[in-house]
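Chemist: Below are the sequence and a predicted model for it; my questions follow.
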Amino acid sequence: MAEAMLRWIDSEHFETTSAGEIRGRVHPLSVEVLKEIGIDLERETRQSVQELPDAEFDYVITLGERAPSVHRNFGRAEIVHWRFDNPAASKDPERRLRDFRVVRDQILQRLRLFVLVHARPLATPATLSLKAVTGATRS
């Protein structure tokens, strides 16, 4: 979700790349809650961190319940962890959808603040890797 939202907020100053611990489809509720705000993830798949190109990143933002150990050397990248509860944890479908909306809104708020603080005219856009750490529940 975070990669798509940052691209939506400010693709002029940031090139985004997203990867999770495992490769796979984006969680269907991520697709649904992003569609509610006008972002289409219908055909998106998530690559694993190991599949990321050998590019330099300025920032690596990890998302999840706990900060992961980063298994890859991101060189000079500033690594930031944003803690979020797992929205897929609830057994109740209505609660789970509500939790996905809450996490979506929290990520969106943090990304807007991130852009306000870090966006500046650059010769080349900053590269940002967004690494999800809760399997299929984050994109």
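Modeler: Received, thanks.
Chemist: now residue 117, what's its secondary structure?
Modeler: Following DSSP: H, G, I helix; E, B strand; the rest coil, the label given to residue 117 is helix.
Chemist: Actually, residue 41.
Modeler: coil.
Chemist: Model confidence for it, exactly?
Modeler: Looking at residue 41, its pLDDT is 84.
Chemist: ok, now how distant is the closest residue to it other than its chain neighbours from residue 106?
Modeler: Leaving aside its chain neighbours, residue 41 sits nearest to residue 31 (4.7 Å; criterion: Cβ to Cβ, 6 or more residues apart in numbering). Just so you know, the C-beta spots here come from the backbone N, C-alpha and C atoms, and that holds for glycine as well. Distance of residue 31 to residue 106, computed by Cβ to Cβ, to the nearest Å: 18 Å.
Chemist: Those two: which has the busier surroundings?
Modeler: The neighbour comparison of residue 31 against residue 106 (other Cβ atoms under 10 Å) goes to residue 31, with 20 against 16.
Chemist: Return the set of buried residues in whichever strand or helix holds residue 109.
Modeler: Element membership for residue 109, per DSSP states H and E: helix 93-118. Neighbour counts over helix 93-118 (16 or more other Cβ atoms under 10 Å) mark 96, 99-101, 103-104, 106-108, 110-111, 114, 118 as buried.
Chemist: One more: stretch 9-25?
Modeler: Judged by neighbour count (16+ other Cβ under 10 Å), stretch 9-25 contains these buried residues: 9-10, 13-21.
Chemist: which of these sit farthest apart?
Modeler: 13 and 21 (27.4 Å; Cβ to Cβ).
Chemist: Looks to me like residue 89 is in a helix.
Modeler: No - assignment of residue 89 by three-state DSSP gives coil, placing it outside any helix.
Chemist: Output the lowest mean pLDDT helix or strand found in the protein.
Modeler: strand 126-132 (a mean of 55; mean pLDDT, DSSP states H and E).
Chemist: what's the burial count for residue 84?
Modeler: By other Cβ under 10 Å, the residues close to residue 84 number 21.
Chemist: where's it relative to residue 99, distance?
Modeler: 10 Å.
Chemist: likewise residue 38?
Modeler: Counting by Cβ to Cβ - residue 38 and residue 99 are separated by 21 Å.
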